[in-house]
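Trainee: My questions are about this predicted structure, shown below with the sequence.
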Amino acid sequence: MHRSGSRPQLDLSKAAIQGNFEVKDPTILLPNQSDDISHLALDIGGSLIKLVYFSRHEDQSIDDKRKKTIKERLGISNGNRRSYPILGGRLHFVKFETTKISECLDFIHSKQLHRGVDSCHWNPGVQANDNAVIKATGGGAYKFADLFKERLGVSLDKEDEMDCLVAGANFLLKAIRHEAFTHMEGQKEFVQIDTNDLFPYLLVNIGSGVSMIKVDGDGKFERVSGTNVGGGTYWGLGRLLTKCKSFDELLELSQRGDNGTIDMLVGDIYGGMDYSKIGLSASTIASSFGKTISDKKELADYRPEDISLSLLRMISYNIGQISYLNALRFGLKRIFFGGFFIRGHAYTMDTISFAVQFWSKGEAQAMFLRHEGFLGALGAFMSYEKHGLDDLMVHQLVERFPMGAPYTGGRIHGPPLGDLNEKASEARVCLLLLEMPLPLSNTVYIANYLN
Ligand SMILES: Nc1ncnc2c1ncn2[C@@H]1O[C@H](COP(=O)(O)OP(=O)(O)O)[C@@H](O)[C@H]1O
Ligand SMILES: CC(C)(COP(=O)(O)O)[C@@H](O)C(=O)NCCC(=O)O
(Lines give C-alpha, C1' and ligand atoms only; values in the text may rest on other atoms or scores of the structure.)
(Ligands and ions follow the chains in the order given, each with its own letter.)
Protein backbone atom coordinates (compact mmCIF):
# COMPACT_ATOMS: atom_id res chain seq x y z
CA MET A 1 0.00 0.00 0.00
CA HIS A 2 1.40 3.34 -0.89
CA ARG A 3 -0.65 6.38 -0.22
CA SER A 4 0.03 9.83 -1.31
CA GLY A 5 -2.05 12.90 -0.63
CA SER A 6 -5.02 10.78 0.35
CA ARG A 7 -6.12 13.18 3.04
CA PRO A 8 -6.25 16.94 3.29
CA GLN A 9 -2.96 18.11 4.68
CA LEU A 10 -2.76 20.93 7.14
CA ASP A 11 0.11 23.33 6.98
CA LEU A 12 2.37 22.55 9.89
CA SER A 13 5.20 24.78 8.89
CA LYS A 14 3.91 27.83 10.70
CA ALA A 15 3.01 25.95 13.82
CA ALA A 16 6.53 24.78 14.41
CA ILE A 17 7.92 28.28 14.54
CA GLN A 18 5.08 30.32 15.96
CA GLY A 19 5.15 31.49 19.52
CA ASN A 20 7.06 30.11 22.41
CA PHE A 21 4.87 30.27 25.43
CA GLU A 22 5.73 28.38 28.51
CA VAL A 23 2.83 26.44 29.87
CA LYS A 24 2.56 25.42 33.46
CA ASP A 25 1.93 21.92 34.65
CA PRO A 26 -0.90 20.11 33.00
CA THR A 27 -3.97 19.88 35.17
CA ILE A 28 -6.73 17.40 35.25
CA LEU A 29 -9.89 19.31 34.62
CA LEU A 30 -13.11 18.42 33.02
CA PRO A 31 -15.01 20.87 30.91
CA ASN A 32 -17.76 22.65 32.71
CA GLN A 33 -21.07 23.57 31.25
CA SER A 34 -19.87 26.91 29.98
CA ASP A 35 -17.06 25.42 27.92
CA ASP A 36 -17.46 25.05 24.18
CA ILE A 37 -16.57 21.57 23.09
CA SER A 38 -15.40 21.02 19.59
CA HIS A 39 -13.50 18.48 17.59
CA LEU A 40 -14.16 15.29 19.42
CA ALA A 41 -12.28 12.49 17.69
CA LEU A 42 -12.06 8.82 18.60
CA ASP A 43 -9.69 5.94 18.06
CA ILE A 44 -11.50 2.74 18.97
CA GLY A 45 -8.92 -0.02 19.14
CA GLY A 46 -8.92 -3.66 20.09
CA SER A 47 -8.10 -2.83 23.72
CA LEU A 48 -8.66 0.86 24.34
CA ILE A 49 -10.82 3.71 23.16
CA LYS A 50 -8.92 6.96 22.90
CA LEU A 51 -10.72 10.30 22.87
CA VAL A 52 -9.19 13.63 21.92
CA TYR A 53 -11.27 16.75 22.20
CA PHE A 54 -10.76 20.43 22.53
CA SER A 55 -12.77 22.62 24.82
CA ARG A 56 -12.53 26.32 24.40
CA HIS A 57 -13.36 28.82 27.01
CA GLU A 58 -12.53 32.42 27.71
CA ASP A 59 -9.77 32.19 30.22
CA GLN A 60 -10.35 34.91 32.75
CA SER A 61 -6.83 34.61 34.03
CA ILE A 62 -5.38 35.98 30.82
CA ASP A 63 -5.49 39.71 31.05
CA ASP A 64 -5.93 41.98 28.07
CA LYS A 65 -2.27 42.94 27.97
CA ARG A 66 -1.17 39.31 27.81
CA LYS A 67 -3.79 38.55 25.17
CA LYS A 68 -2.42 41.39 23.08
CA THR A 69 1.13 40.10 23.45
CA ILE A 70 0.07 36.58 22.57
CA LYS A 71 -1.88 37.78 19.56
CA GLU A 72 1.14 39.74 18.39
CA ARG A 73 3.38 36.73 18.77
CA LEU A 74 0.93 34.59 16.87
CA GLY A 75 0.73 37.25 14.19
CA ILE A 76 -2.99 37.71 14.73
CA SER A 77 -4.33 41.22 14.44
CA ASN A 78 -7.61 42.44 15.83
CA GLY A 79 -8.88 42.97 12.34
CA ASN A 80 -8.59 39.28 11.75
CA ARG A 81 -11.55 37.11 10.88
CA ARG A 82 -12.11 35.60 14.31
CA SER A 83 -15.19 36.72 16.12
CA TYR A 84 -14.68 34.49 19.13
CA PRO A 85 -12.07 34.79 21.84
CA ILE A 86 -8.95 33.10 20.54
CA LEU A 87 -7.42 32.29 23.85
CA GLY A 88 -8.26 29.81 26.50
CA GLY A 89 -9.05 26.22 26.00
CA ARG A 90 -7.82 22.76 26.64
CA LEU A 91 -6.95 19.75 24.66
CA HIS A 92 -8.20 16.69 26.46
CA PHE A 93 -6.90 13.14 26.15
CA VAL A 94 -9.03 10.44 27.66
CA LYS A 95 -9.04 6.68 27.37
CA PHE A 96 -11.42 3.85 28.20
CA GLU A 97 -11.13 0.13 27.92
CA THR A 98 -12.93 -0.98 24.77
CA THR A 99 -14.80 -3.63 26.75
CA LYS A 100 -16.26 -0.76 28.78
CA ILE A 101 -17.60 1.14 25.80
CA SER A 102 -20.78 1.92 27.70
CA GLU A 103 -18.75 4.01 30.14
CA CYS A 104 -17.24 5.85 27.21
CA LEU A 105 -20.66 6.56 25.72
CA ASP A 106 -21.91 7.76 29.11
CA PHE A 107 -18.89 10.02 29.41
CA ILE A 108 -19.43 11.54 25.97
CA HIS A 109 -23.09 12.01 26.74
CA SER A 110 -22.61 13.46 30.20
CA LYS A 111 -20.08 15.99 28.91
CA GLN A 112 -22.10 16.54 25.73
CA LEU A 113 -18.91 16.12 23.77
CA HIS A 114 -20.85 15.34 20.63
CA ARG A 115 -23.12 18.36 20.81
CA GLY A 116 -21.03 20.77 18.77
CA VAL A 117 -20.22 18.60 15.82
CA ASP A 118 -22.54 18.83 12.87
CA SER A 119 -21.44 17.30 9.58
CA CYS A 120 -17.80 18.03 10.35
CA HIS A 121 -18.44 21.68 11.20
CA TRP A 122 -17.87 23.00 14.61
CA ASN A 123 -21.20 24.30 15.73
CA PRO A 124 -21.43 25.26 19.37
CA GLY A 125 -24.73 24.94 21.07
CA VAL A 126 -26.20 22.61 18.48
CA GLN A 127 -27.74 19.52 19.99
CA ALA A 128 -26.80 16.21 18.42
CA ASN A 129 -29.12 15.48 15.55
CA ASP A 130 -29.28 13.19 12.56
CA ASN A 131 -26.42 15.10 10.94
CA ALA A 132 -24.08 14.89 13.88
CA VAL A 133 -20.80 13.31 12.89
CA ILE A 134 -17.74 12.36 14.89
CA LYS A 135 -14.43 11.51 13.29
CA ALA A 136 -13.38 8.05 14.34
CA THR A 137 -10.65 5.61 13.49
CA GLY A 138 -9.65 2.08 14.54
CA GLY A 139 -11.61 -1.11 14.01
CA GLY A 140 -14.23 -0.03 16.52
CA ALA A 141 -15.29 2.80 14.24
CA TYR A 142 -16.84 0.05 12.12
CA LYS A 143 -17.76 -2.37 14.88
CA PHE A 144 -19.53 0.16 17.09
CA ALA A 145 -20.98 2.55 14.50
CA ASP A 146 -24.54 1.36 15.14
CA LEU A 147 -24.09 1.63 18.90
CA PHE A 148 -23.01 5.26 18.63
CA LYS A 149 -26.00 6.02 16.43
CA GLU A 150 -28.35 4.26 18.81
CA ARG A 151 -27.01 5.69 22.06
CA LEU A 152 -25.86 9.16 21.03
CA GLY A 153 -27.57 9.75 17.70
CA VAL A 154 -24.25 10.44 16.02
CA SER A 155 -22.63 8.91 12.97
CA LEU A 156 -19.01 7.93 12.97
CA ASP A 157 -17.09 9.34 10.05
CA LYS A 158 -14.48 6.65 9.53
CA GLU A 159 -10.87 7.55 8.96
CA ASP A 160 -8.34 4.89 8.03
CA GLU A 161 -6.30 3.74 11.01
CA MET A 162 -2.92 3.76 9.26
CA ASP A 163 -3.61 7.20 7.76
CA CYS A 164 -4.40 8.51 11.22
CA LEU A 165 -1.38 6.92 12.90
CA VAL A 166 0.94 8.46 10.35
CA ALA A 167 -0.79 11.85 10.41
CA GLY A 168 -0.65 11.89 14.21
CA ALA A 169 3.01 10.86 14.32
CA ASN A 170 4.12 13.30 11.63
CA PHE A 171 2.28 16.11 13.29
CA LEU A 172 3.70 15.41 16.73
CA LEU A 173 7.23 15.00 15.43
CA LYS A 174 7.06 18.24 13.52
CA ALA A 175 5.11 20.44 15.86
CA ILE A 176 5.68 19.39 19.43
CA ARG A 177 8.84 20.24 21.21
CA HIS A 178 10.36 17.34 23.08
CA GLU A 179 8.01 14.80 21.60
CA ALA A 180 10.57 12.11 20.81
CA PHE A 181 13.08 10.67 23.20
CA THR A 182 15.44 7.77 23.56
CA HIS A 183 15.42 5.53 26.60
CA MET A 184 18.53 3.47 27.24
CA GLU A 185 19.66 1.95 30.50
CA GLY A 186 17.28 4.09 32.43
CA GLN A 187 18.37 7.33 30.80
CA LYS A 188 15.84 9.36 28.93
CA GLU A 189 17.08 11.87 26.39
CA PHE A 190 14.96 14.11 24.25
CA VAL A 191 15.75 14.07 20.57
CA GLN A 192 15.90 17.25 18.58
CA ILE A 193 13.95 16.55 15.42
CA ASP A 194 15.10 18.31 12.29
CA THR A 195 11.79 18.70 10.50
CA ASN A 196 13.60 18.94 7.18
CA ASP A 197 15.25 15.61 7.80
CA LEU A 198 12.48 13.58 9.35
CA PHE A 199 11.75 11.10 6.58
CA PRO A 200 12.02 8.23 6.05
CA TYR A 201 11.44 6.51 9.35
CA LEU A 202 9.82 3.37 10.67
CA LEU A 203 6.75 3.85 12.84
CA VAL A 204 5.99 0.90 15.08
CA ASN A 205 2.62 1.11 16.74
CA ILE A 206 2.30 -1.37 19.59
CA GLY A 207 -1.38 -1.59 20.36
CA SER A 208 -3.24 -4.87 20.77
CA GLY A 209 -1.27 -6.03 17.75
CA VAL A 210 1.70 -4.35 16.13
CA SER A 211 1.88 -2.40 12.87
CA MET A 212 5.15 -1.39 11.28
CA ILE A 213 4.88 1.46 8.85
CA LYS A 214 7.57 2.95 6.66
CA VAL A 215 6.85 6.65 6.54
CA ASP A 216 8.23 8.66 3.65
CA GLY A 217 6.34 11.91 4.07
CA ASP A 218 2.98 13.43 4.93
CA GLY A 219 0.38 10.94 3.71
CA LYS A 220 3.14 8.85 2.11
CA PHE A 221 3.63 5.54 3.79
CA GLU A 222 3.54 1.80 3.46
CA ARG A 223 2.65 -0.73 6.13
CA VAL A 224 5.61 -3.02 5.68
CA SER A 225 5.07 -5.49 8.47
CA GLY A 226 3.27 -6.33 11.64
CA THR A 227 3.11 -8.93 14.33
CA ASN A 228 0.27 -10.45 16.27
CA VAL A 229 2.47 -10.67 19.35
CA GLY A 230 1.77 -7.29 20.86
CA GLY A 231 0.19 -5.45 23.76
CA GLY A 232 -2.89 -7.68 23.74
CA THR A 233 -0.61 -10.68 24.07
CA TYR A 234 1.13 -9.31 27.14
CA TRP A 235 -2.09 -8.26 28.80
CA GLY A 236 -4.05 -11.36 27.76
CA LEU A 237 -1.45 -13.98 28.65
CA GLY A 238 -0.46 -12.02 31.73
CA ARG A 239 -4.02 -11.90 32.99
CA LEU A 240 -4.49 -15.63 32.47
CA LEU A 241 -1.21 -16.56 34.12
CA THR A 242 -1.19 -14.14 37.04
CA LYS A 243 -4.87 -13.42 37.69
CA CYS A 244 -4.09 -9.70 37.63
CA LYS A 245 -7.12 -7.50 37.44
CA SER A 246 -5.69 -4.66 35.41
CA PHE A 247 -2.93 -3.92 32.93
CA ASP A 248 -1.27 -1.50 35.29
CA GLU A 249 -1.28 -4.08 38.06
CA LEU A 250 0.43 -6.53 35.71
CA LEU A 251 3.01 -3.93 34.79
CA GLU A 252 3.60 -3.07 38.43
CA LEU A 253 4.06 -6.74 39.27
CA SER A 254 6.81 -7.00 36.67
CA GLN A 255 8.77 -4.39 38.61
CA ARG A 256 9.24 -6.83 41.46
CA GLY A 257 9.99 -9.80 39.24
CA ASP A 258 13.03 -11.92 38.50
CA ASN A 259 12.71 -13.51 35.08
CA GLY A 260 15.65 -15.81 35.80
CA THR A 261 13.25 -18.21 37.52
CA ILE A 262 11.19 -18.55 34.33
CA ASP A 263 13.52 -17.91 31.43
CA MET A 264 16.28 -20.24 30.39
CA LEU A 265 19.44 -18.17 30.25
CA VAL A 266 22.56 -18.85 28.24
CA GLY A 267 24.31 -19.42 31.57
CA ASP A 268 21.76 -22.10 32.49
CA ILE A 269 22.73 -24.00 29.37
CA TYR A 270 26.46 -23.26 29.47
CA GLY A 271 27.10 -24.01 33.13
CA GLY A 272 27.14 -20.37 34.17
CA MET A 273 29.48 -19.31 31.39
CA ASP A 274 29.10 -16.81 28.58
CA TYR A 275 28.93 -18.13 25.04
CA SER A 276 31.25 -15.37 23.97
CA LYS A 277 32.18 -16.86 20.61
CA ILE A 278 28.77 -15.87 19.27
CA GLY A 279 28.46 -12.83 21.50
CA LEU A 280 26.10 -14.10 24.15
CA SER A 281 26.62 -13.35 27.82
CA ALA A 282 25.55 -15.83 30.47
CA SER A 283 22.68 -13.53 31.40
CA THR A 284 21.21 -13.42 27.90
CA ILE A 285 17.83 -15.04 27.66
CA ALA A 286 18.33 -18.16 25.58
CA SER A 287 14.69 -19.21 25.71
CA SER A 288 11.85 -17.17 27.15
CA PHE A 289 9.85 -19.31 29.58
CA GLY A 290 12.30 -22.10 28.79
CA LYS A 291 13.01 -22.92 32.41
CA THR A 292 9.43 -23.89 33.09
CA ILE A 293 9.76 -27.04 30.99
CA SER A 294 12.39 -28.67 33.13
CA ASP A 295 10.86 -28.02 36.50
CA LYS A 296 8.32 -30.28 38.07
CA LYS A 297 6.37 -27.24 39.00
CA GLU A 298 2.83 -26.10 38.41
CA LEU A 299 1.78 -22.60 37.48
CA ALA A 300 0.97 -21.87 41.12
CA ASP A 301 4.61 -22.56 42.03
CA TYR A 302 5.81 -19.57 40.04
CA ARG A 303 5.64 -16.04 41.32
CA PRO A 304 3.26 -13.84 39.31
CA GLU A 305 5.92 -11.10 39.50
CA ASP A 306 8.43 -13.32 37.68
CA ILE A 307 5.89 -14.40 35.07
CA SER A 308 4.95 -10.82 34.35
CA LEU A 309 8.55 -9.71 33.91
CA SER A 310 9.38 -12.66 31.74
CA LEU A 311 6.40 -11.97 29.50
CA LEU A 312 7.18 -8.29 29.30
CA ARG A 313 10.77 -8.94 28.29
CA MET A 314 9.80 -11.58 25.76
CA ILE A 315 7.28 -9.40 24.00
CA SER A 316 9.19 -6.12 24.14
CA TYR A 317 12.42 -7.72 22.95
CA ASN A 318 10.67 -9.56 20.15
CA ILE A 319 9.01 -6.40 18.90
CA GLY A 320 12.29 -4.49 19.09
CA GLN A 321 14.05 -7.19 17.12
CA ILE A 322 11.39 -7.47 14.39
CA SER A 323 11.29 -3.71 14.13
CA TYR A 324 15.00 -3.51 13.57
CA LEU A 325 14.87 -6.23 10.92
CA ASN A 326 12.25 -4.23 9.08
CA ALA A 327 14.26 -1.05 9.43
CA LEU A 328 17.19 -2.97 7.97
CA ARG A 329 15.05 -4.14 5.03
CA PHE A 330 14.49 -0.55 4.01
CA GLY A 331 17.69 1.05 5.24
CA LEU A 332 15.94 3.07 7.95
CA LYS A 333 18.00 4.33 10.84
CA ARG A 334 15.23 5.78 12.96
CA ILE A 335 12.46 3.80 14.53
CA PHE A 336 9.70 5.55 16.46
CA PHE A 337 7.60 3.44 18.80
CA GLY A 338 4.04 4.35 19.76
CA GLY A 339 0.98 2.60 21.12
CA PHE A 340 -0.32 2.17 24.62
CA PHE A 341 1.59 -1.03 25.29
CA ILE A 342 4.61 1.15 26.03
CA ARG A 343 2.73 3.02 28.73
CA GLY A 344 5.75 5.19 29.43
CA HIS A 345 7.18 2.21 31.22
CA ALA A 346 10.93 2.44 31.67
CA TYR A 347 11.74 -1.26 31.52
CA THR A 348 9.60 -1.79 28.40
CA MET A 349 11.39 1.04 26.62
CA ASP A 350 14.80 -0.12 27.78
CA THR A 351 14.12 -3.63 26.51
CA ILE A 352 12.97 -2.41 23.10
CA SER A 353 15.98 -0.07 22.87
CA PHE A 354 18.33 -2.83 23.89
CA ALA A 355 17.01 -5.16 21.18
CA VAL A 356 17.33 -2.48 18.51
CA GLN A 357 20.81 -1.54 19.62
CA PHE A 358 22.01 -5.10 20.01
CA TRP A 359 20.85 -6.32 16.63
CA SER A 360 21.84 -3.18 14.76
CA LYS A 361 25.22 -3.08 16.52
CA GLY A 362 24.40 0.46 17.50
CA GLU A 363 23.48 1.58 13.98
CA ALA A 364 19.76 2.07 14.54
CA GLN A 365 18.01 3.87 17.35
CA ALA A 366 14.70 3.30 19.06
CA MET A 367 12.80 6.44 19.90
CA PHE A 368 9.61 6.84 21.84
CA LEU A 369 6.82 9.35 21.65
CA ARG A 370 5.33 11.13 24.61
CA HIS A 371 1.85 10.90 23.12
CA GLU A 372 2.47 7.23 22.39
CA GLY A 373 -1.11 5.96 22.64
CA PHE A 374 -2.86 8.89 21.02
CA LEU A 375 -1.35 8.95 17.53
CA GLY A 376 -4.46 7.57 15.85
CA ALA A 377 -6.88 9.73 17.81
CA LEU A 378 -4.81 12.83 17.08
CA GLY A 379 -4.74 11.91 13.40
CA ALA A 380 -8.53 11.62 13.42
CA PHE A 381 -8.78 14.90 15.32
CA MET A 382 -6.74 16.61 12.65
CA SER A 383 -8.84 15.21 9.86
CA TYR A 384 -11.76 17.56 10.34
CA GLU A 385 -11.82 19.38 7.09
CA LYS A 386 -13.74 22.39 8.19
CA HIS A 387 -14.01 23.73 11.63
CA GLY A 388 -14.49 26.84 13.63
CA LEU A 389 -10.85 26.96 14.55
CA ASP A 390 -8.72 27.49 11.52
CA ASP A 391 -5.87 25.15 10.69
CA LEU A 392 -3.24 27.39 12.13
CA MET A 393 -5.07 27.63 15.39
CA VAL A 394 -5.39 23.89 15.73
CA HIS A 395 -1.68 23.52 15.32
CA GLN A 396 -0.88 26.31 17.66
CA LEU A 397 -2.99 24.94 20.41
CA VAL A 398 -1.43 21.54 20.14
CA GLU A 399 2.04 22.97 19.80
CA ARG A 400 1.75 24.45 23.23
CA PHE A 401 0.81 21.19 24.70
CA PRO A 402 3.16 21.14 27.62
CA MET A 403 3.58 17.55 28.54
CA GLY A 404 3.37 14.32 26.74
CA ALA A 405 2.02 10.97 27.54
CA PRO A 406 2.19 9.68 31.05
CA TYR A 407 5.65 8.67 31.91
CA THR A 408 6.23 6.54 34.95
CA GLY A 409 9.77 7.63 35.60
CA GLY A 410 11.01 6.76 39.04
CA ARG A 411 13.14 3.71 39.59
CA ILE A 412 13.74 1.00 37.10
CA HIS A 413 13.12 -2.34 38.66
CA GLY A 414 14.29 -5.55 37.15
CA PRO A 415 17.40 -7.30 36.11
CA PRO A 416 19.86 -5.77 33.70
CA LEU A 417 19.09 -6.29 30.06
CA GLY A 418 22.61 -7.38 29.56
CA ASP A 419 25.57 -6.81 27.37
CA LEU A 420 28.52 -8.96 26.59
CA ASN A 421 30.48 -7.98 29.67
CA GLU A 422 27.69 -8.19 32.09
CA LYS A 423 27.44 -10.71 34.89
CA ALA A 424 24.08 -12.31 35.52
CA SER A 425 24.22 -11.44 39.19
CA GLU A 426 24.75 -7.74 38.62
CA ALA A 427 21.91 -5.71 40.01
CA ARG A 428 20.96 -2.35 38.66
CA VAL A 429 18.68 0.29 40.02
CA CYS A 430 18.72 3.47 38.02
CA LEU A 431 17.19 6.69 39.09
CA LEU A 432 15.27 8.40 36.37
CA LEU A 433 14.00 11.86 36.12
CA LEU A 434 10.73 11.85 37.92
CA GLU A 435 7.99 13.28 35.80
CA MET A 436 4.30 12.64 35.75
CA PRO A 437 3.09 9.73 37.82
CA LEU A 438 1.29 6.97 36.02
CA PRO A 439 -2.31 8.07 36.09
CA LEU A 440 -4.70 5.26 36.69
CA SER A 441 -7.91 7.12 36.11
CA ASN A 442 -9.70 7.33 32.82
CA THR A 443 -8.87 10.95 32.37
CA VAL A 444 -5.28 10.63 31.34
CA TYR A 445 -4.15 14.18 31.32
CA ILE A 446 -5.36 17.42 30.01
CA ALA A 447 -3.23 20.22 28.76
CA ASN A 448 -3.84 23.72 29.88
CA TYR A 449 -3.60 25.92 26.88
CA LEU A 450 -1.83 29.19 27.55
CA ASN A 451 -2.57 29.20 31.21
N1 LIG B 1 -5.60 0.36 31.03
C2 LIG B 1 -5.28 -0.51 30.08
N3 LIG B 1 -6.13 -1.51 29.79
C4 LIG B 1 -5.80 -2.38 28.83
N5 LIG B 1 -4.66 -2.35 28.13
C6 LIG B 1 -3.78 -1.38 28.38
C7 LIG B 1 -4.06 -0.41 29.36
N8 LIG B 1 -3.01 0.46 29.37
C9 LIG B 1 -2.14 0.04 28.47
N10 LIG B 1 -2.58 -1.09 27.85
C11 LIG B 1 -1.82 -1.80 26.81
O12 LIG B 1 -2.05 -1.11 25.63
C13 LIG B 1 -2.50 -1.99 24.61
C14 LIG B 1 -3.46 -1.26 23.71
O15 LIG B 1 -2.78 -0.20 23.12
P16 LIG B 1 -3.50 0.76 22.09
O17 LIG B 1 -2.43 1.58 21.44
O18 LIG B 1 -4.57 1.51 22.77
O19 LIG B 1 -4.06 -0.27 21.05
P20 LIG B 1 -5.53 -0.58 20.53
O21 LIG B 1 -5.78 0.52 19.53
O22 LIG B 1 -5.40 -1.92 19.92
O23 LIG B 1 -6.49 -0.55 21.67
C24 LIG B 1 -3.12 -3.14 25.36
O25 LIG B 1 -3.13 -4.33 24.57
C26 LIG B 1 -2.22 -3.25 26.57
O27 LIG B 1 -1.06 -3.95 26.26
C1 LIG C 1 -5.15 -5.16 13.02
C2 LIG C 1 -4.44 -4.00 13.70
C3 LIG C 1 -3.99 -3.01 12.64
C4 LIG C 1 -5.45 -3.31 14.61
O5 LIG C 1 -4.82 -2.25 15.35
P6 LIG C 1 -4.82 -2.22 16.98
O7 LIG C 1 -6.24 -2.19 17.43
O8 LIG C 1 -4.11 -3.43 17.47
O9 LIG C 1 -4.08 -0.95 17.34
C10 LIG C 1 -3.22 -4.48 14.54
O11 LIG C 1 -3.68 -5.28 15.58
C12 LIG C 1 -2.15 -5.24 13.76
O13 LIG C 1 -1.47 -4.65 12.98
N14 LIG C 1 -1.98 -6.54 14.06
C15 LIG C 1 -0.92 -7.36 13.51
C16 LIG C 1 -1.45 -8.18 12.39
C17 LIG C 1 -0.31 -8.76 11.56
O18 LIG C 1 0.33 -7.99 10.83
O19 LIG C 1 -0.04 -9.92 11.66
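Mentor: In hand now; what should we look at? Ligands and ions are numbered 1, 2, ... in the order given.
Trainee: Buried residues of stretch 263-283, list them for me.
Mentor: D263, M264, L265, V266, G267, D268, D274, L280, S281, A282, S283 (16 or more other CB atoms under 10 Å). In this view, the C-beta of every residue, glycine as well, is placed from N, C-alpha and C.
Trainee: If you count neighbours, what's buried in stretch 236-250?
Mentor: So stretch 236-250, judged by 16+ other CB under 10 Å, has buried residues L237, G238, L241, T242, C244, F247, E249, L250.
Trainee: What parts of the stretch 1-150 of the chain come near ligand 2?
Mentor: Residues of the stretch 1-150 of the chain lying close to ligand 2 by CB under 6 Å from any ligand atom are G45, G46, G138, G139.
Trainee: picking that back up, which one of the buried residues of stretch 263-283 is nearest L91?
Mentor: Closest approach to L91 among the buried residues of stretch 263-283 (CB to CB): D263, at 41.8 Å.
Trainee: quick one, phi psi at that closest one?
Mentor: Dihedral pair for D263: phi -90, psi 150, per degrees, to the nearest 10.
Trainee: Please apply the same query to A145.
Mentor: phi -60, psi -40.
Trainee: The helix or strand where F337 lies - contacts with which helices or strands?
Mentor: Assigned by DSSP states H and E, F337 falls within strand 334-338. Helices and strands touching strand 334-338, by 3 or more CB pairs under 8 Å, 6 or more residues apart in numbering; DSSP states H and E, are helix 161-175, strand 201-206, helix 304-329, helix 346-360, strand 365-369.
Trainee: circling back to that earlier point, ok, so of the buried residues of stretch 236-250, who is nearest ligand 2?
Mentor: Proximity of the buried residues of stretch 236-250 to ligand 2 (CB to the nearest ligand atom) peaks at F247, which lies at 14.2 Å.
Trainee: Now the closest one: closest residue in space, sequence neighbours ignored.
Mentor: Spatially, and ignoring its direct neighbours in sequence, F247 is nearest to W235 (5.1 Å; CB to CB, 6 or more residues apart in numbering).
Trainee: How about G140?
Mentor: I44 is the one closest to G140 (CB to CB, 6+ apart), at 2.5 Å.
Trainee: I'd like the distance between S155 and ligand 1.
Mentor: According to CB to the nearest ligand atom, to the nearest Å, S155 and ligand 1 sit 21 Å apart.
Trainee: I figured the residue nearest to F247 hits S47, correct?
Mentor: Yes: between W235 and S47 there is a contact at 6.9 Å, judged by CB atoms under 8 Å.
Trainee: Does T98 touch L42 like I think?
Mentor: No: contact criterion CB under 8 Å: T98 and L42 do not qualify, at 10.9 Å.
Trainee: Pick out whichever of those two has more residues nearby.
Mentor: L42 (30 against 20; other CB atoms under 10 Å).
Trainee: and ligand 1, which of the buried residues of stretch 236-250 contact it?
Mentor: F247.
Trainee: okay, the buried residues of stretch 236-250 in JSON lines with pLDDT and secondary structure next?
Mentor: Putting the buried residues of stretch 236-250 into JSON lines (pLDDT from 0 to 100; DSSP: H, G, I helix; E, B strand; the rest coil) gives the following:
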{"residue": "L237", "pLDDT": "98", "secondary structure": "helix"}
{"residue": "G238", "pLDDT": "98", "secondary structure": "helix"}
{"residue": "L241", "pLDDT": "98", "secondary structure": "helix"}
{"residue": "T242", "pLDDT": "98", "secondary structure": "helix"}
{"residue": "C244", "pLDDT": "97", "secondary structure": "coil"}
{"residue": "F247", "pLDDT": "97", "secondary structure": "helix"}
{"residue": "E249", "pLDDT": "98", "secondary structure": "helix"}
{"residue": "L250", "pLDDT": "98", "secondary structure": "helix"}
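Trainee: Show me which residues of the protein sit near ligand 1.
Mentor: Residues of the chain that fall close to ligand 1, judged by CB under 6 Å from any ligand atom: 45-48, 97, 138, 207-208, 231-232, 234-235, 247, 339-341, 343, 373.
Trainee: Let's see that with 5 Å instead.
Mentor: 45-48, 207-208, 231-232, 235, 247, 339-341, 343, 373 (CB under 5 Å from any ligand atom).
Trainee: Smallest gap between the protein and ligand 1, at which residue?
Mentor: G45 (1.8 Å).
Trainee: Wasn't D43 part of a strand?
Mentor: Yes: counting by DSSP: H, G, I helix; E, B strand; the rest coil, D43 is found in a strand.
Trainee: Against L51, how distant is it?
Mentor: Using CB to CB, to the nearest Å, D43 is found at 8 Å from L51.
Trainee: who's more crowded, the two?
Mentor: Per other CB under 10 Å, whichever of D43 and L51 has more neighbours is D43, with 32 against 28.
Trainee: The more buried one touches A380, doesn't it?
Mentor: Yes: counting by CB under 8 Å, D43 does reach A380; the two are 6.1 Å apart.
Trainee: Overlap of the contact sets of those two?
Mentor: Here D43 and A380 have A136, T137, C164 as joint contacts, going by CB atoms under 8 Å, 6 or more residues apart in numbering.
Trainee: So which of those residues wins on neighbours?
Mentor: T137 leads these on contacts (other CB under 10 Å) with 31 neighbours.
Trainee: What does that one show for phi and psi?
Mentor: phi -130, psi 180.
Trainee: you'd agree it is up against F381?
Mentor: No: using CB under 8 Å, T137 is not in contact with F381; the gap is 9.7 Å.
Trainee: residues shared between the contacts of those two?
Mentor: A41.
Trainee: separation between the nearest residue to D160 once chain neighbours are set aside and F374?
Mentor: Using CB to CB, 6+ apart and skipping residues adjacent in sequence, the residue nearest D160 is T137, 6.9 Å away. Using CB to CB, T137 is found at 11 Å from F374.
Trainee: overlap in contacts of these two?
Mentor: D43.
Trainee: what about V191, how many neighbours?
Mentor: Neighbours of V191 using other CB under 10 Å come to 16.
Trainee: and it, what is it in contact with?
Mentor: A180, F181, T182, M367.
Trainee: So the last one is in contact with R334, correct?
Mentor: Yes: contact status for M367 versus R334: in contact at 6.4 Å, counting by CB under 8 Å.
Trainee: Please identify which of these two sits among more neighbours.
Mentor: More crowded of M367 and R334, by other CB under 10 Å: M367, with 24 against 21.
Trainee: From H345, how far out is the residue in the stretch 301-450 of the chain positioned nearest to ligand 2?
Mentor: Closest residue of the stretch 301-450 of the chain to ligand 2, CB to the nearest ligand atom: G339 (6.6 Å). G339 sits 12 Å away from H345, going by CB to CB.
Trainee: Of the two, give the one with the bigger neighbour count.
Mentor: Shown here are G339 and H345; by other CB under 10 Å, G339 has more neighbours (28 against 23).
Trainee: Just the pLDDT at that one, thanks.
Mentor: Model confidence at G339, given as pLDDT, is 98.
Trainee: what do you get for G232?
Mentor: Reading off the model, G232 has pLDDT 98.
Trainee: helices or strands up against the helix or strand that contains it?
Mentor: Using DSSP H and E, the element containing G232 is helix 231-242. Secondary-structure packing of helix 231-242 (3+ CB pairs under 8 Å, 6+ apart): helix 247-254, helix 304-329.
Trainee: No further questions, thank you.
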